[in-house]
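Q: pasting the structure only:
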């Protein structure tokens, strides 16, 4: 099974959004993180299950929150490029590598 690796900016996005939701409602940040973790497990088990998005990338949509995990499947790992809000600045992450 491929290991998951986060781009440094994606890791910051995840942390900042957990903090944002937790400040709004106690426990909501943890629920956001739980949903991300569920998505990561599903991506790890079935990396090609989600459609291609912007060329070589794929996008897993969170169920409850307006975010997607933008990732690339590589030979030995799954690289998470962004924890992207789906209604703000589309494709802002495309310059990352």
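A: Yep, it's here. Source: prediction; values computed, not measured.
Q: So what touches stretch 31-50?
A: 1-2, 4, 14, 17-18, 21, 58-60, 62-65, 67, 69, 71, 73, 78, 80, 83 (Cβ atoms under 8 Å, 6 or more residues apart in numbering). The C-beta positions use only the backbone N, C-alpha and C, and glycine is treated the same way.
Q: again with stretch 59-68
A: 17, 21, 31-32, 35-36, 39, 42-43, 50-51, 53, 69-71, 82-87.
Q: Give the buried residues for it.
A: Residues of stretch 59-68 classed as buried: 59, 60, 62, 65, 67, 68 (neighbour count, 16 or more other Cβ atoms under 10 Å).
Q: Would you mind measuring from the third one to residue 31?
A: The one in question is residue 62. Residue 62 is 10 Å from residue 31, where distance means Cβ to Cβ, to the nearest Å.
Q: The second one too?
A: Residue 60 is 17 Å from residue 31, where distance means Cβ to Cβ.
Q: circling back to that earlier point, could you tell me which of the contacts of stretch 59-68 belong to strands?
A: 53, 69, 70, 71, 82, 83, 84, 85 (DSSP state E).
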